[in-house]
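A.B. asks: Sequence and predicted model, in that order:
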Number of protein chains: 2
Amino acid sequence: MASTIHDLARHLNISIGTVSRALNGRADVNADTRQRVLDAAKKLNYSPNQSGRSLRQGATHSIAFMLQPHPGDQQYGEPFFIPFLIGLQAKLAEHGLDLMVVMGEPGQYQQERLRRVVETRLVDAVVLANTRRADDRIDYLSKAGFPFATLGRSQSGDDTYPSLDIDFERAGDEAVDRLVARGHRRIAAIRPSNDLNFGYLFLDGYRKALRRHGIEVDPALIADGFINEAGGYEVTPRVMRSQDPPTAIIFNNDAMALGGCKALAEMGIKPGHDMAVIVIVDTPLCRYFSPALTAFRPALEPMGRRLAEMLLASLPAFAGPEGTRIIREVWPLELVARDSD
Amino acid sequence: MASTIHDLARHLNISIGTVSRALNGRADVNADTRQRVLDAAKKLNYSPNQSGRSLRQGATHSIAFMLQPHPGDQQYGEPFFIPFLIGLQAKLAEHGLDLMVVMGEPGQYQQERLRRVVETRLVDAVVLANTRRADDRIDYLSKAGFPFATLGRSQSGDDTYPSLDIDFERAGDEAVDRLVARGHRRIAAIRPSNDLNFGYLFLDGYRKALRRHGIEVDPALIADGFINEAGGYEVTPRVMRSQDPPTAIIFNNDAMALGGCKALAEMGIKPGHDMAVIVIVDTPLCRYFSPALTAFRPALEPMGRRLAEMLLASLPAFAGPEGTRIIREVWPLELVARDSD
DNA sequence: TGTGTTCTCGTAAACGTTTACGGAAAAACG
DNA sequence: CGTTTTTCCGTAAACGTTTACGAGAACACA
C-alpha cells in the first residue's frame, strides 16, 4: 500500500536521488523527468514517510501545544482554548506543520511531559499556555535552547521568545472606568492567586484606574481564589463581608464569576440589579448565564493565527530574508455589554 | 545537548547494539553493563530520538484525534470533546503513546487531512469523532487497512473497528418517558439533519417510546436544522406553528436548544413554565442557562479512557495474549434533572 | 578432555529520506 | 574542432534507532 521513494525509482528505472530531487522541486532535474516522477508518484499513491524525512532533516514539522487545564476545570472544558487552537492550527497548516496537543491531567504540573517532548525531539517547537508569573517551563525551554512561544506573558520581560497576550491590565482599567462612570465607587476585584500572571496584570490595571479616579484601593475588596467555580463561590462572600460592601465586582475569570454569582444569589443579591458584575474573559458561558454577563472578549481565533506567525518568524527554518525575529504583542479586548452591570 | 546512543557507546566504550539492548531491557545483556548504561544515560541526559525510533520500528507511538468542529460551532468551542480528550490522552499516555489533535477548519470536510495523516505515516492509528451516517472517512480507513476507532457509530454495523457511542436511542426513549409521565402528549423533537448518525438514533428512540405510550408520531413535531444555535433558532418556530402545538420539546444538541429557547422567548414562551425542555447532550452551557436545562449527561472522561483501551486492544502491537479484539460499546447517559421540564 | 549450552556482546544491515559530490553528456563558445 | 560551461543524474553517506546473526568466553556435563 505505502510506496516509497525506492518503488518510484524502480518503477521509472532511475535513481532514488533523482526521484527525491524531482519531488522536492530542486532545479537540477530535467523538466520531463520531473513530470514523469510526479505522474508516477500519483499513480503509485506515494507520500513521503514522515519518520524518514524527520530523521534526515532533523525536523519533525510539528508543533506541540501544551494544554494544562486548571485544577477542577475539567467540567468547563477550557472553552477558551478551542478557538485559539483552531486559529493556531490553521496558520501552521499553511506552512505544512502539524499540531500536537499535549494535555496533562488537570492540576498536575507538566514539566515532565514537556521534558520528554523536547528531549525526544517529538516536535520542532512548543506553544505554552496558562503561563505563570514565574514559569519553570519557560526557564527550562530557554535553558535548553528549544524554540517556543507563549500565550500569555511571564514575569521576566526578557525578549528571547515570542509571546502573545491579552491586555488584562487595560481590561481591568476599562472595567473600572465603566463602573465608575455608572456611579460605582466601591468596586471589588476577584481573581486567581498571584502566580497566574494575568491575575497580577489585571489587578495592576484595576488599581491604576481606581487611583486615577481618586478612589482609594481597599484591600478588603480584593480577593484571591482557586480559578474555578468553587473558588469564586468561596471567595465572593469574603468581599461582601467588608465594612462597606461593594456595589460592583469585577471577576477575572468566567468560572469564578459563575461561582461568585451563585454565592450572591444565596445572599439574595441579584447581579444586574443589586450588584454590577463584569467578567474578564468572556466565554459562551457568560453569554448564556442569566443575567447575561457583561464581559471583555478576546479575538481568540485571530490570536491563534498570529501567535503561529510569530513563532514561525522566530524559527530559522521559516524566518523570512530579514532573519529571525522575536515579537511580543499584547492584544486589546473588546467589551461586550450585556445585562449584569 | 541532545546525546545519542552513539555518545553513550563511546563514553562507555561499548557498542551501540549493547547500549540499545540495555536501554530496552532485553535479556541478553549483563546486569552490570545494563546498570552502567542506565547511569550513563542519566548522566548524559539521553533520550531516544523519536524519528529514529519510529523509522526503524515502523511505528510512531502516537495517535491522531480528528477533531472536526461543526459549521458555525466555533463559538461553542466544542466543550463536549475536551473531557473526552483528557481521558483519551491519559490512557494513551499510560502506554507511552502521544496524542495528536488534527483540527480542520470548521465545516470543511477533512478527508484530505486524513489522507495525509495516514499516508504519511504520521501516526499509528486514528480516532474519529462526529461520525456521520455514511462516513467516507470510515470507508477510506477500512479500505486502507489503517487502524482506527470511532466515537460514535456509523450506519454500517460492521464489526471491523472499535467504536464507542452514547446511547442516543435510549436517551430519546427515556426523555419521552419522563415527559409522558409528567403529563405531556404533544412532544416535539428537534435535531440535526439525518446524516449525523446520532440524530438518527435519537429519533428512533423518540419514536419507539411514543408508540409504546400509544401516542401517534406527528411529523409536524419533528424538525431538522443546522447543529448550532442558529439552527435551533430557525427551526423551533416551525414545530410551534403546528396545528396542535407541543407542550414539550426534546433538543438533540445543546447549541440547538439554546437557539430554540431564544426563539421561544421571543414568542413569549418560558421554558420550565409554558414549555418543558430536555436536551441531549448535556454541557456546562445547559447548567448555567436560565432556566437550567434538564439534560442527559455522558461520562465523557471515562469514555475517553475506554475508547483508548478499545483501540489499543485492536492494535496487534498492544493486544494482550488473547490477540486482537474488536469491541463495540454503547454507554448510557445519566439524566440531570434541572428546571426546564 | 571434548562437546554442548549459556551468557554476553559486537557487527552490520535496515527503516525512508535528503543531499554533497562528482562525472558524463550536452550545449555554448571561441 | 577544442575548450569551457551547463545540464542532468547516479553514488553513497548520513540521520538515530533496533535487531538478526554470529562469535567468543565461560560454564556444565559426560
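C.D. replies: Okay, I see it.
A.B. asks: How many neighbouring residues does the nearest residue to residue A:18 once chain neighbours are set aside have?
C.D. replies: Spatially, and ignoring its direct neighbours in sequence, residue A:18 is nearest to residue A:29 (6.2 Å; CB to CB, 6 or more residues apart in numbering or on different chains). (Each C-beta comes from the backbone N, C-alpha and C, glycine too.) Neighbourhood size, residue A:29 [other CB atoms under 10 Å in any protein chain shown]: 19.
A.B. asks: for residue A:29, what are its contacts?
C.D. replies: A:18, A:21, A:22 (CB atoms under 8 Å, 6 or more residues apart in numbering or on different chains).
A.B. asks: Would you point out which residue is most central in chain A?
C.D. replies: residue A:151 (4.0 Å; CA atoms, centre = their mean).
A.B. asks: The nearest residue to it once chain neighbours are set aside - how many residues pack around it?
C.D. replies: Spatial nearest neighbour of residue A:151, excluding adjacent residues (CB to CB, 6+ apart): residue A:129 at 4.5 Å. Residues near residue A:129, counting by other CB under 10 Å, number 17.
A.B. asks: Against DNA strand C, how distant is the residue of chain A found nearest chain B?
C.D. replies: Closest contact between chain A and chain B, by CB to the nearest CB, is at residue A:290 (2.9 Å). Noted for residue A:290: a distance of 56 Å to DNA strand C, by CB to the nearest atom of the strand, to the nearest Å.
A.B. asks: For that residue, which residues are in contact?
C.D. replies: By CB under 8 Å, 6+ apart, residue A:290 lies in contact with B:288, B:289, B:290.
A.B. asks: same thing with residue A:9?
C.D. replies: Per CB under 8 Å, 6+ apart, neighbours of residue A:9: A:15, A:16, A:18, A:19.
A.B. asks: which stretch of helix or strand covers the third one?
C.D. replies: Okay, so that is residue A:18. helix A:16-23 (DSSP states H and E).
A.B. asks: Likewise for residue A:208?
C.D. replies: For residue A:208, the enclosing helix or strand under DSSP H and E is helix A:197-212.
A.B. asks: Can you list the strands that the helix or strand following that helix pairs with?
C.D. replies: Next helix or strand after helix A:197-212 toward the C-terminus (DSSP H and E): strand A:222-225. Strand A:222-225 pairs in its sheet with strand A:187-192 (parallel), by DSSP bridges.
A.B. asks: which other residues reach the partner strand?
C.D. replies: A:172, A:176, A:179-180, A:198-199, A:202-203, A:206, A:210, A:215, A:221-227, A:231-232, A:235-236, A:239, A:242, A:246-253, A:256-257, A:260.
A.B. asks: mean confidence for that strand?
C.D. replies: Average pLDDT, strand A:187-192: 96.
A.B. asks: how about the CA coordinates for that strand, as PDB?
C.D. replies: Provided in PDB are the C-alpha atoms of strand A:187-192 (Å, rounded to 0.1, in the frame of the first residue of the first chain):
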ATOM      1  CA  ILE A 187     -15.600  48.100  43.300                       C
ATOM      2  CA  ALA A 188     -14.300  44.600  44.200                       C
ATOM      3  CA  ALA A 189     -11.800  42.500  42.300                       C
ATOM      4  CA  ILE A 190     -11.900  38.800  42.400                       C
ATOM      5  CA  ARG A 191      -9.100  36.900  40.700                       C
ATOM      6  CA  PRO A 192      -7.000  33.800  40.800                       C
END
